[in-house]
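Trainee: Predicted model follows, preceded by the sequence.
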Protein chains: 2
Amino acid sequence: MKRSNPGFSRRGLALGGLAAPLLAGRASAQALPVPPAMLEQGAPVEAAPYGKPAPTEAGVVRRSRLGAENQPILGTAGSTLTPHGDLDGIITPNGLHFLRHHAGTPSIAPEQHRLLVHGLVERPLVFTMDQLRRFPTVSRLHFLECSGNTPFFQQARIRPDWTVQDTHGLLSCAEWTGVRLADVLAEAGVKPGAAWMLAEGADAAGLTRSIPVAKALDDAMLCWAQNGEALRPEQGYPLRLFLPGYEGNTSVKWLRRLKLDTQPFMTREETSKYTSLMPDGSAKQFNFTMAVKSVITRPSGGQTMGAPGFREISGIAWSGRGTVRRVEVSTDGGATWQDAQLQAPVLDKCLTRFRLPWQWQGGPALLASRATDSTGEVQPTRAALLAETGPFHVYHYNGIQLWQVQADGNVRNAY
Amino acid sequence: MKRSNPGFSRRGLALGGLAAPLLAGRASAQALPVPPAMLEQGAPVEAAPYGKPAPTEAGVVRRSRLGAENQPILGTAGSTLTPHGDLDGIITPNGLHFLRHHAGTPSIAPEQHRLLVHGLVERPLVFTMDQLRRFPTVSRLHFLECSGNTPFFQQARIRPDWTVQDTHGLLSCAEWTGVRLADVLAEAGVKPGAAWMLAEGADAAGLTRSIPVAKALDDAMLCWAQNGEALRPEQGYPLRLFLPGYEGNTSVKWLRRLKLDTQPFMTREETSKYTSLMPDGSAKQFNFTMAVKSVITRPSGGQTMGAPGFREISGIAWSGRGTVRRVEVSTDGGATWQDAQLQAPVLDKCLTRFRLPWQWQGGPALLASRATDSTGEVQPTRAALLAETGPFHVYHYNGIQLWQVQADGNVRNAY
């Protein structure tokens, strides 16, 4: 197995060269005072039947994006964002998975919950949670991204003080466990002609989306677990649909009903919302798959650089169409690019962590990342994307994100 | 991509055959009453800046193993266990990662924390957390298992009412992020002759272990993050050593000091404890690597079977020596075996989820799993292991676990 960091060594950054910028002091054992924690017993094991983050990490939380008037957008039809600038690796802990709901988080007793499967099926069926759990199970690591992740806003509405939590926080990644929807539909018997499936949530919005039956029979899952444990209430407890690679709100939470028919159902969330207005006034509808995308999370907006010297540029990349094949990183706003290292495992429709070693000389720099997926699709520049989509687009922004490293070491959103 | 469950279909278990045992009722849309949650707005997004499990999941927590007198073993030198019988997939959520500490969980301010590297090095160094975070980072999915996981107890001390949380709960799995210890040691300059490294924790136990420098220079990490976010306090916040595949307590938490020398340091935790007494009275010392092992988590001790019919047998397998190559499952106490399906991804020194479809006829059954790792090592029976280790062994039990399914559907520990 390869233990060394190829990017770190192949560029001839001798490890000794880190000593000065790291400012690690020479020391002896006597130079290290005994810390207070070593002088008294700590908290007993029974203090934490279910663990929580350290109090000193209280700033690492979900929060709403700040709007134009500096007011958070909250309430029962709102969203809160994953703080990617504070996270490492590819797993989003359940407490920090992004939220988006249309009528708040319902409180559902799992033993009362039912899933109805009806419409163009041979045998309409109602399942309890226990009955669903009797099917063969499957676990997969997948990202979930809201189609509204990263605003398409015109320049005047974009804030230079936005962090990566503001720009890309409607994205998270977890290990999802449940059953194959294909197995459940086989139990009901899909009738010929069934081409669309309505999925309805048991929240007060009764959120509904139309899903192609082809997707339902492909890799769709009915999930009850996330990162090993039961779904959190705000993620659909006790049951959600999960559609790998599709825009987030099609993975309907608190799932209570699946109805098959020949045509899409034309619900609010796919007619007035979650469609993309094109320059000619037409609307792009049923635009499900999240395109290839990436963002640098460190250094990123709101962070400060500290002393000049060695820095690792680190970020995440993903595609709803497959795996991430390549990520390039630029420190000069896209004039030149270098291949970043992809951290294994690189999985289908999952976040991939990328890294590039960098010697920051202390001056201004313009950081960018550009991902390519297994279909060969390349993440576009903001200008190219806007030229294609026109000024009224809202959903499915996947342009290259720029972070401006200022001469003073502060990092700002340069979109 | 393969979407169907090979184990489920290849044995000719027609999906229609599930209908009766699943007891899913025929239904129409009218048959599904509108649940209360759809009639009122749910909780707003700002109610959960950091999410928690549903109140109805309050029973899924870490707890101590019940001792001979039915009393939990708690306090500042105790442990609590991961509830594997309630978990899915391979990721352990941070709130449920097992605990083991010798003087409680210390409270450490990260900006005050220091790591001293000294002894047989060219340049003794002290690092702050910020300085350590400047090194190139790495993220890896690995299990962590206490060498005391699964008691070696003689039959009289083993309880038939133990669940898999009691028998195998000192085991968890997470995505760990930090820096390569090899890079940090290169910064200090390892002197010729340095063969052992003392690792010391900043808890009141001042827990110390001697680690081979070869391991330190191989895949050892200095970690600050677990499943994306900062380590939880009870997992070593702000910094821990992580030694993939090694017995848990060598991955010293609250790490404050690394000292290199020619010989092991003979600390309490490797002389009077964490050694294995052999039949001839000698002690097996520095027995670091956790051997190949597996356990069925569903059905498992304390669970009930419900109605006869289709069941999935599901469990976890792991090895400190590499990857899991094969898991076999028996329903007749080891008389016959069938190959289980391994859920991708199968990763190095990481939990692997296995599954086998099963038609339970309603009578007694004796369930067992047997793992083989990438080195070819096969998990032994309890009898074979005890014959080798003798009656005084405490650590590194990796025998095959048996669960007795009783005629009444209750599942009991048959060790």
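Mentor: Right, received. Where do you want to start?
Trainee: wait, what's in contact with the residue nearest to A:L231 when sequence neighbours are not counted?
Mentor: The shortest distance from A:L231 to any non-neighbouring residue, by C-beta to C-beta, 6 or more residues apart in numbering or on different chains, is to A:Y237 (4.4 Å). Where C-beta positions appear, they are placed from N, C-alpha and C, glycine not excepted. Shown in contact with A:Y237 (C-beta atoms under 8 Å, 6 or more residues apart in numbering or on different chains): A:I108, A:P110, A:A230, A:L231, A:W254, B:A54.
Trainee: Need the three-state assignment for the first one.
Mentor: When the structure is split into helix, strand and coil by DSSP: H, G, I helix; E, B strand; the rest coil, A:I108 lands in coil.
Trainee: and it, how far is that from chain B?
Mentor: Taking C-beta to the nearest C-beta, to the nearest Å as the measure, A:I108 and chain B are separated by 5 Å.
Trainee: Is that residue in contact with A:P238, as I believe?
Mentor: Yes - using C-beta atoms under 8 Å, A:I108 is in contact with A:P238, at 6.2 Å.
Trainee: For the residue most central in space within chain A, list each beta-bridge partner.
Mentor: The centroid of chain A falls nearest to A:L171 when counting by C-alpha atoms, centre = their mean (2.1 Å). Note on A:L171: beta-bridge partners by DSSP bridges are A:E145.
Trainee: Around chain B, which positions in the stretch 251-400 of chain A sit nearby?
Mentor: A:254, A:256-257, A:259, A:306, A:309-312, A:314, A:343, A:345, A:347-348, A:353, A:355, A:357 (C-beta under 8 Å from any C-beta of the partner chain).
Trainee: Filter those down to just the buried residues.
Mentor: A:254, A:256-257, A:259, A:309-312, A:314, A:343, A:345, A:347-348, A:353, A:355, A:357 (16 or more other C-beta atoms under 10 Å in any protein chain shown).
Trainee: mind listing what whichever residue of the stretch 51-200 of chain A sits closest to chain B touches?
Mentor: In the stretch 51-200 of chain A, the residue that lies nearest chain B is A:G104 (2.8 Å; C-beta to the nearest C-beta). Contact analysis of A:G104 by C-beta under 8 Å, 6+ apart lists A:G75, A:T76, A:A77, A:D203, A:A204, B:Q41, B:G42, B:A43, B:P44, B:V45.
Trainee: Quick check: the fourth one touching A:L255?
Mentor: In other words, A:D203. No - applying C-beta under 8 Å, one finds A:D203 not in contact with A:L255, separated by 10.3 Å.
Trainee: Secondary structure element holding the closest residue to A:G334 other than its chain neighbours?
Mentor: In space, and not counting its chain neighbours, A:G334 is closest to A:A368: 5.4 Å by C-beta to C-beta, 6+ apart. For A:A368, the host element (DSSP states H and E) is strand A:365-373.
Trainee: Skipping adjacent residues, who's closest to A:R321 in space?
Mentor: Using C-beta to C-beta, 6+ apart, the nearest residue to A:R321 is A:T375, at 4.9 Å.
Trainee: Now do the contacts for the one you found.
Mentor: A:V292, A:S319, A:R321, A:G322.
Trainee: Repeat that for A:L385.
Mentor: A:Y397, A:N398, A:G399.
Trainee: top of the residues you listed by neighbour count?
Mentor: Within the contacts of A:L385, A:Y397 tops the neighbour count with 24 neighbours, counted by other C-beta atoms under 10 Å in any protein chain shown.
Trainee: which stretch of helix or strand covers it?
Mentor: Per DSSP H and E: nothing holds A:Y397, as it lies in no helix or strand.
Trainee: and the closest residue to it other than its chain neighbours, what helix or strand is that in?
Mentor: Using C-beta to C-beta, 6+ apart and skipping the chain neighbours, the partner closest in space to A:Y397 is A:T150 (4.3 Å). For A:T150, there is no enclosing helix or strand under DSSP H and E.
Trainee: What of A:E187?
Mentor: Per DSSP H and E: A:E187 is located in helix A:181-188.
Trainee: and that helix, how far from the chain's centre?
Mentor: Mean-position distance between helix A:181-188 and its chain equals 28 Å (C-alpha atoms, centre = their mean, to the nearest Å).
Trainee: That one near chain B at all?
Mentor: Yes - Helix A:181-188 is in contact with chain B by C-beta under 8 Å from any C-beta, via A:A182, A:D183, A:A186, A:E187.
Trainee: want to throw those residues into a markdown table with neighbour count and pLDDT?
Mentor: Putting these into a markdown table (neighbours: other C-beta atoms under 10 Å in any protein chain shown; pLDDT from 0 to 100) gives the following:
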| residue | neighbour count | pLDDT |
| --- | --- | --- |
| A:A182 | 20 | 98 |
| A:D183 | 22 | 97 |
| A:A186 | 17 | 97 |
| A:E187 | 22 | 95 |
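Trainee: Can you lay out those as a markdown table showing distance to B:G95?
Mentor: Output for those, formatted as a markdown table (distance: C-beta to C-beta, whole Å):
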| residue | distance to B:G95 |
| --- | --- |
| A:A182 | 32 |
| A:D183 | 31 |
| A:A186 | 36 |
| A:E187 | 34 |
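Trainee: quick check, nearest of the residues you listed to A:Q404?
Mentor: Taking C-beta to C-beta as the measure, A:Q404 lies nearest A:A182 of the residues of helix A:181-188 next to chain B, at 47.2 Å.
Trainee: Could you find the closest non-adjacent residue to that closest one?
Mentor: For A:A182, ignoring the flanking residues on the chain, the nearest one in space by C-beta to C-beta, 6+ apart is A:L217 at 4.7 Å.
Trainee: In contact with that neighbour, which residues?
Mentor: Contacts for A:L217 (C-beta under 8 Å, 6+ apart) come out as A:L181, A:A182, A:L185, A:V190.
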